[in-house]
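Chemist: This is the structure alone, sequence omitted:
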């Protein structure tokens with residue numbers, strides 16, 4: 001669950017010319033409008049994120065397997081030395 005909190009902070013100047021109630025009201029209206037626009041922008045971005053998260057993951061393009069060659073002649077082994085596939089089990093007990 002995503003919760004978006006919005007706070008409104010009103011700053012009234014303590015020094016200088018006193019503001020009339022009309023100026024304060026207009027300032028508050030501009031602040032509220034800016035907050036509404038910001039909230040719409042955040043909601044749009046949130047919807048884009050939800051859409052991206054709901055898409056099924058795309059499979060990576062298949063790649064040609066690499067032929068890896070390891071020099072294992074000096075190590076103990078079981079089976080045909082000319083086998084096309086060699087499984088190597090490395091275990092570190094530390």
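Modeler: Received the coordinates, thanks. Keep in mind that what you see is a predicted model, and the values were worked out from it rather than measured.

Chemist: Show me the shaky parts of the protein.
Modeler: 1-18, 94 (pLDDT under 70).

Chemist: Quick one: end-to-end length of stretch 59-70, please.
Modeler: Using C-alpha to C-alpha, to the nearest Å, the span of stretch 59-70 from its first residue to its last is 30 Å.

Chemist: Would you mind giving the secondary structure of the residue nearest the centre of the chain?
Modeler: Residue closest to the average C-alpha location in the chain (C-alpha atoms, centre = their mean): residue 49, at 8.7 Å. Taken by DSSP: H, G, I helix; E, B strand; the rest coil, the conformation at residue 49 corresponds to helix.

Chemist: Could you give me the buried positions within whichever strand or helix holds residue 42?
Modeler: Secondary structure assigned from DSSP states H and E places residue 42 in helix 21-54. By neighbour count on 16 or more other C-beta atoms under 10 Å, the buried set for helix 21-54 is empty. Glycine gets a C-beta too; all of them are placed from N, C-alpha and C.

Chemist: what's the distance between the residue located most distally from the centre of the chain and residue 86?
Modeler: Most distant residue from the mean C-alpha position of the chain: residue 80, 49.2 Å away (C-alpha atoms, centre = their mean). If you measure residue 80 against residue 86 using C-beta to C-beta, to the nearest Å, the figure is 10 Å.

Chemist: One more: residue 34?
Modeler: In terms of C-beta to C-beta, residue 34 sits 67 Å off from residue 86.

Chemist: same deal with residue 56?
Modeler: 36 Å.

Chemist: okay, the two: which has more neighbours?
Modeler: Higher neighbour count among residue 56 and residue 86: residue 86, with 14 against 5, using other C-beta atoms under 10 Å.

Chemist: Pull the number of nearby residues for residue 79.
Modeler: That count, for residue 79 with other C-beta under 10 Å as the rule, works out to 9.

Chemist: That one in helix, strand or coil?
Modeler: coil.

Chemist: Report the contact partners of it.
Modeler: Contacts for residue 79 (C-beta atoms under 8 Å, 6 or more residues apart in numbering) come out as none.

Chemist: go again using 10 Å as the cut-off
Modeler: Going by C-beta atoms under 10 Å, 6 or more residues apart in numbering, residue 79 touches 85, 86, 87.

Chemist: Sounds good, over and out.
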